[in-house]
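Student: Build me a model:
(chains A, B and C)
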Amino acid sequence: MKLTLAQLAACCEGEIVGSNDITLDGVSNLSFADKEKISFYSDKKYADDLAHTRAGAVITSPSLADHYSGNKIIVANPLLALARIITAFQAQTLNAECVAELSASASIASGANLGDSVSVGANAVIGHNTLLGNNVSIGSGAVIGTGVSIGENTRIDANVTIYDGCQLGSRCHVSAGTVIGSDGFGFAETSNEQGPEWVAVPQIASVVIGDGVHIGANTSIDRGSLEDTVIGDGVIIDNLVQIAHNVTIGRHTAIAGCAGIAGSAHIGQRCKIGGRASILGHIDICDDVIVFADSYVTKSIAVPGIYSAALPAMPIRQWQKLVARLRRG
Amino acid sequence: MKLTLAQLAACCEGEIVGSNDITLDGVSNLSFADKEKISFYSDKKYADDLAHTRAGAVITSPSLADHYSGNKIIVANPLLALARIITAFQAQTLNAECVAELSASASIASGANLGDSVSVGANAVIGHNTLLGNNVSIGSGAVIGTGVSIGENTRIDANVTIYDGCQLGSRCHVSAGTVIGSDGFGFAETSNEQGPEWVAVPQIASVVIGDGVHIGANTSIDRGSLEDTVIGDGVIIDNLVQIAHNVTIGRHTAIAGCAGIAGSAHIGQRCKIGGRASILGHIDICDDVIVFADSYVTKSIAVPGIYSAALPAMPIRQWQKLVARLRRG
Amino acid sequence: MKLTLAQLAACCEGEIVGSNDITLDGVSNLSFADKEKISFYSDKKYADDLAHTRAGAVITSPSLADHYSGNKIIVANPLLALARIITAFQAQTLNAECVAELSASASIASGANLGDSVSVGANAVIGHNTLLGNNVSIGSGAVIGTGVSIGENTRIDANVTIYDGCQLGSRCHVSAGTVIGSDGFGFAETSNEQGPEWVAVPQIASVVIGDGVHIGANTSIDRGSLEDTVIGDGVIIDNLVQIAHNVTIGRHTAIAGCAGIAGSAHIGQRCKIGGRASILGHIDICDDVIVFADSYVTKSIAVPGIYSAALPAMPIRQWQKLVARLRRG
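Tutor: Residues are numbered from 1 along each chain as shown, chains lettered A, B, ... in the order given. Model prediction:
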């Protein structure tokens, strides 16, 4: 299915420079696009690719529009326009593909409560008293415990595990392999006749996830000990992220891959936590804090701004000298 | 079901100050507790919450008991008391809930050997010659290979994978998504006509896990190459931890989330490895070593104590100056 | 089944010193081997174990051969010889064990295209239009989407998830829990009436993995946004590694456990990325670069060599003084 440049510009409220009537059949990057494709240019770094592109049109920003003399859509937020345009192309084909279906091999407890147009994949498991809202999709092999609540239009991918009693809002997406609601790492130290002993403190609270939350693959979010672990509306979380028990994350915060948030840390709204960043437990991060990748936050932060502690890699000789100097003092 | 303050104090050997006869129906944190709940105060950081709590009683320590004038249980180890008290409340209801059951959709090999009261969840897979002790519980979607041995009262959660031949002791708990016994990362470098080539060294040893070991979610523990990977009794391991082949971990050691232990490292007893800490391969850490979060241990440690290399994040300007100074030397 | 030392030397092109005719029944490490076992010595660190070994023979290198007076195979690449010898022993027993089988409980779409001798484990799921080459093995509980292509002799372990449209070459091995083809972390920031909002940019490209690629457990590899995420031939990747969207990795590169590669980074051939190393997004690493463990690469690298930024842990007092000095400047 093809769309005209005018149709594409309309769906992202962009301005056309060039021919309104050319038709395009999809989106591709600058290097791979042919003249049937629209492409994307929002970073000077890719100026070389732009110079050689064969794309039929390009989405770009006002400040970069001069770089390209071909057909283009100019728009303040090119990445958002890209999302809208891909969605427009997908809308042409999705109706035929997505049929809500309860797989015959899924184990759906008789006491589960399924809304309209719910889809449950092969060998998925849905527990008692679990509520799946309208249009919820559960991937193959996913295990959803008892007493779980999942809001409308939320999509849970394959092999995800959601423990008993967790709540997810509507329009969420959880990628494969992620675990939500496992026991927090809470142990009391005592001793028995053989020496010291760890006694698990039962984790009796849950996980509460808001609306429009995106969670990547193989991430883990522990249930709370006495109070819930809470993920606010619109939070986005990448792959392999650790979120410990009792953590709270304010709305619209973004957490990149491999980050780790220790127990009872509270993170504000609109924060951006870089990849592999670590947040110590029992501290508070205020709203609008940016933590750079690979940095370790050890104290509460009360002032919005950018924080870092990531040393950049350098050639080994240079690094060895630096470490030697540091050690000498 | 309700328990009196006297009953609760008895189960944790605590001292009551206040009314023995008040009845409570559960545990909650200081902020959320109502007068039917007992709460918990063991860190001055939460003094404000204590001041405003509506809890019917509070568990606290001798040194903090003065902070609270209401009903309280004073006990040397409040966290242990919390664990005991939650368990006491749970014991009231658990009998009815837990029925051992072999799900009809589980694939249990005819040669598997199941003890009494074993529970196997929906779509779980149990291999040939695998031994599950009494009261073992296997979660939905978990895959237990052939020749595996799992001791009494151990609980394996949903979507866990345990490879062939691994051994787990009794009273262990493995959270969802964890993988035990995958091949270690052992490759010989050689070359073929196209250039260099990695040849996998078959990993022919196994994983041996002691009694009372707790392992979090989405953690991975590789099998040994020529000698087993060994996790001692009473070790506790958090989420997203990497334990490479041939590693040994002494009893009662604790390893926090996102830590990584490289191949053939040996860690002593009663160590505490902080979150995101890294231990280089082929080194020995003696007993009673504490490695702070986010630190990287590159040499063997023969002296018990605390070790660190974690730089704390700071405002970006301050950090940039620090890095510039470091580079100048 | 036993093999003579002469047979073992032949399979690894080694030189025998000692008795050709002794028979051995397996491989073990220096400490555990008895006289029926061949063992392995390639690092002086284990000289003590060598001195006490009861092994029937030892594999070693020319430079270390003098350390041992017993029966030995001397070979330039002892680790490769170890791989060959273990494989020789395994070949004796494997024929009987490995029967290709399609489990009755697997969900194999009618439109899937299976080669000869394909094996699919219990409760695995294979989607429509998916192609499994000859001798492919799919583990129990694995979920393979629609339109996936997997080359001959590739082995996918239990509970792996491969999303729609991904391609894997031949002779690959993917360990349990790994996720391939989840959506990349691509979001456009906009706002709605409640404040700022993240809009997911649909990730319409895929993951293309070459031949002979090994991927560990609980690793995640995201699909590309507009261009594929590409893993070259012969790449080896350990456990809990994050590979973000649009990343490309050249042939024969090795990536150790817990490493993270951010979006659109390009890594050359024959690189070695240490454990927990981080590579920032949108940068290029040339061929033959070694990044030490725990180091963070923030800029493109155009010169082959070794790069590091890992501070070694030290006793806490020493570390605190170092940090205080750093802060004073």
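
Student: can you list the residues of the stretch 201-329 of chain A near chain B?
Tutor: Counting by C-beta under 8 Å from any C-beta of the partner chain, the stretch 201-329 of chain A comes close to chain B at A:201-202, A:204, A:218-220, A:222, A:226-227, A:240, A:242, A:244, A:258, A:260, A:262, A:278, A:280, A:282, A:291-292, A:295-299, A:303, A:305-309, A:311-312, A:314, A:321-322, A:325-326. To be clear about C-beta, it is placed using only N, CA and C from the backbone, and glycine gets the same treatment.

Student: Go through whatever helix or strand A:A324 lives in and flag the buried ones.
Tutor: Assigned by DSSP states H and E, A:A324 belongs to helix A:316-328. Residues of helix A:316-328 classed as buried: A:W319, A:L322, A:V323, A:L326 (neighbour count, 16 or more other C-beta atoms under 10 Å in any protein chain shown).

Student: which one's the longest helix in chain A?
Tutor: Determined from DSSP state H, the single longest helix within chain A is helix A:78-97.

Student: Helix or strand: which one has A:I16?
Tutor: Using DSSP H and E, A:I16 maps to strand A:15-17.

Student: Note down every partner strand of the helix or strand following that strand and its orientation.
Tutor: Sequence order places strand A:23-24 as the next helix or strand after strand A:15-17, per DSSP H and E. Next to strand A:23-24 in the sheet, as set by DSSP bridges, lie strand A:3-4 (antiparallel).

Student: Do me a favour and average the pLDDT over the partner strand.
Tutor: For strand A:3-4, the mean pLDDT works out to 96.

Student: mind checking pLDDT for the nearest residue to A:V241 once chain neighbours are set aside?
Tutor: Sequence neighbours aside, A:T219 is the residue nearest to A:V241 in space, at 4.5 Å (criterion: C-beta to C-beta, 6 or more residues apart in numbering or on different chains). If you check A:T219, the pLDDT there is 98.

Student: Is there a neighbour count for A:L168? I'd like the number.
Tutor: 27 (other C-beta atoms under 10 Å in any protein chain shown).

Student: Spatially nearest residue to A:I86 (excluding sequence neighbours)?
Tutor: Excluding the flanking residues, the one nearest A:I86 by C-beta to C-beta, 6+ apart is C:P202, at 4.4 Å.

Student: Around chain B, which positions in the stretch 51-200 of chain A sit nearby?
Tutor: Counting by C-beta under 8 Å from any C-beta, the residues of the stretch 51-200 of chain A near chain B are A:105, A:107, A:123, A:125, A:141, A:143, A:145, A:159, A:161, A:163, A:177-179, A:182-183, A:185-190, A:194-200.

Student: Select only the buried ones of these in PyMOL?
Tutor: Buried subset of these, written as a PyMOL selection, criterion 16+ other C-beta under 10 Å:
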select buried, chain A and resi 105+107+123+125+141+143+145+159+161+163+177+178+179+182+183+185+186+187+188+197+198+199+200
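
Student: tally of neighbours for the nearest residue to A:G216 once chain neighbours are set aside?
Tutor: Of all residues not flanking A:G216 in the chain, A:N239 sits nearest, at 3.8 Å (C-beta to C-beta, 6+ apart). The local packing of A:N239 (other C-beta under 10 Å) involves 31 other residues.

Student: Then A:R251?
Tutor: The number of residues packed near A:R251 is 21, by other C-beta under 10 Å.

Student: and the closest residue to it other than its chain neighbours, what does it touch?
Tutor: In this structure, A:R251 finds its nearest non-sequential neighbour in A:G232, 3.8 Å apart by C-beta to C-beta, 6+ apart. Listed by C-beta atoms under 8 Å, 6 or more residues apart in numbering or on different chains, the contact set of A:G232 reads A:G210, A:V213, A:T248, A:I249, A:G250, A:R251, A:H252, A:T253, A:Q269.

Student: returning to what we had before: the residue nearest to A:I86 contacts A:T87, doesn't it?
Tutor: Yes. Applying C-beta atoms under 8 Å, one finds C:P202 in contact with A:T87, separated by 6.2 Å.

Student: so what's the nearest residue to A:P78 once chain neighbours are set aside up against?
Tutor: Counting by C-beta to C-beta, 6+ apart, A:P78 lies nearest to A:S42, which is 4.4 Å off, once chain neighbours are set aside. A:S42 makes contacts with A:I59, A:T60, A:S61, A:L64, A:P78, A:L79, as judged by C-beta under 8 Å, 6+ apart.

Student: again, but for A:D49
Tutor: Counting by C-beta under 8 Å, 6+ apart, A:D49 touches A:N29, A:L30, A:S31, A:Y41.

Student: A:A47: how many residues sit nearby?
Tutor: 13.

Student: That one touches A:H67, doesn't it?
Tutor: Yes. Contact status for A:A47 versus A:H67: in contact at 6.3 Å, counting by C-beta under 8 Å.

Student: distance of the residue in chain A sticking out farthest from the centre from B:R270?
Tutor: Most distant residue from the mean C-alpha position of chain A: A:E193, 46.9 Å away (C-alpha atoms, centre = their mean). Here the distance between A:E193 and B:R270 works out to 16 Å (C-beta to C-beta, to the nearest Å).

Student: tell me which element A:N135 falls in.
Tutor: Residue-wise, A:N135 maps onto no helix or strand under DSSP H and E.

Student: Quick check, A:Q7 in contact with A:A91.
Tutor: No. Using C-beta under 8 Å as the test, A:Q7 is too far from A:A91 to be in contact (11.3 Å).

Student: so who does A:T298 touch?
Tutor: A:T298 sits next to A:L280, A:I283, B:A310, B:P312, B:A313 when contact means C-beta under 8 Å, 6+ apart.

Student: what's the answer for A:Y68, then?
Tutor: Per C-beta under 8 Å, 6+ apart, neighbours of A:Y68: A:Y41, A:L50, A:V58, A:T60.

Student: State the pLDDT value of it.
Tutor: So A:Y68 comes in at 96 (pLDDT).
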